[in-house]
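Trainee: just the structure for this:
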Amino acid sequence: MQTISTDHPIWERFFTVNPLVIVGSKEEDGRYDLAPKHMAFPMGWKNYFGFVCTPRHGTYQNIKRTGEFSVSYPKPSQVVITSLTATPRCDDDTKPGLAVLPQVPAETIDSVFVEDSYLQLECTLGKIIDGFGENSLITGRVVRAYVDEDSLRSEGKDDNDLIFNEPLLAYLAPGRYSVIKQSQSFPFPKDFKK
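Mentor: Purely as a prediction, here's the structure:
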C-alpha cells in the first residue's frame, strides 16, 4: 500500500464505484433544472435519500427554496442524455441542453424526471447540512417512487437474470462509467442482520 497525501483532495487519485442519478428541481423563473450527481445514496434503510451538492449550484438553491426534488436513475442507454444535464449554464443562466431532453412530470411534487429512467423518486426536503468544505449534504424523504416493471425485483424473478437483462449504469469517479450486467450473490455470514 502507498500512503497518499491528504493535504489535497484524495478522490481523483484512484477510482471508486458510484451510482449516477439526475436530480430535478424547479428554478425561480418556473423552468426545471436537471443535474447529474454521483455522490448520491439512500440515507439508511427507510425511505430517505441524500446527495452532495454545493450552494454555488442552482440545484442547491432551488431545493432550499422549494423544499422538494426528484431523482432519476438513468439506464446505460441514457449516458448521453445524462451528460447533457451537466451542460454549463449560459450567460442568461439557462442550460440549453435541457431543452432537448425528454422529460415527464412528477405527480406529487413540482419537478420532472428524465423520461424512461428506470427508477424515479419524488422527495421532500429533509435537512441540508453544510460544511463539507465547499459542499453540502442535501437529504430528503421519498414520498413516491416508480420503477420500470422490467427492473422490479419480485419472487420468481432471478436477480442475476434481472441485472443481466436490465443492466445498471455505474459512475467510476473520476470521469468514467461502466455498464453492470454480471453480478453474484454477496456471501453474507450465516444469520447476518442489517
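
Trainee: show me what contacts the residue found closest to residue 100 once you drop the neighbours it is linked to in the chain?
Mentor: Excluding its sequence neighbours, the residue lying closest to residue 100 (CB to CB, 6 or more residues apart in numbering) is residue 84, at 7.1 Å. Glycine gets a C-beta too; all of them are placed from N, C-alpha and C. Residues touching residue 84, when contacts are defined by CB atoms under 8 Å, 6 or more residues apart in numbering, comprise 97-98, 100-101.

Trainee: quick one, strands of this protein?
Mentor: Along the chain, counting by DSSP state E, strands occupy 16-19, 21-26, 32-37, 40-42, 48-53, 68-73, 103-105, 112-114, 119-132, 135-147, 168-173, 176-180.

Trainee: the fifth one vs strand 68-73, what angle?
Mentor: It stands for strand 48-53. 90 degrees (axes from the mean of the first three to the mean of the last three CA atoms, to 10 degrees).

Trainee: how about the helix ranked longest in the chain: buried residues?
Mentor: What stands out as the longest helix in the chain, according to DSSP state H, is helix 58-66. By neighbour count on 16 or more other CB atoms under 10 Å, the buried set for helix 58-66 is 58-63, 66.

Trainee: give me the helices and strands touching that helix, please.
Mentor: Counting contacts by 3 or more CB pairs under 8 Å, 6 or more residues apart in numbering; DSSP states H and E, helix 58-66 packs against strand 21-26, strand 32-37, strand 48-53, strand 68-73, strand 119-132, strand 135-147.

Trainee: centre of the chain to it, how far?
Mentor: Averaging C-alpha positions (CA atoms, centre = their mean, to the nearest Å) puts helix 58-66 16 Å from its chain's average.

Trainee: same thing with stretch 51-59?
Mentor: The gap between the average C-alpha position of stretch 51-59 and the chain average comes to 13 Å, counting by CA atoms, centre = their mean.

Trainee: do the same with stretch 143-162
Mentor: If you compare the mean C-alpha spot of stretch 143-162 with that of the full chain, they lie 18 Å apart, counting by CA atoms, centre = their mean.

Trainee: give me the nearest residue to residue 57, chain neighbours excluded.
Mentor: Spatially, and ignoring its direct neighbours in sequence, residue 57 is nearest to residue 35 (6.9 Å; CB to CB, 6+ apart).

Trainee: which of the buried residues of helix 58-66 lies closest to residue 151?
Mentor: residue 59 (25.1 Å; CB to CB).

Trainee: need the per-residue pLDDT for the closest one.
Mentor: We have a pLDDT of 96 for residue 59.

Trainee: same question, residue 127
Mentor: Residue 127 is assigned a pLDDT of 97 by the prediction.
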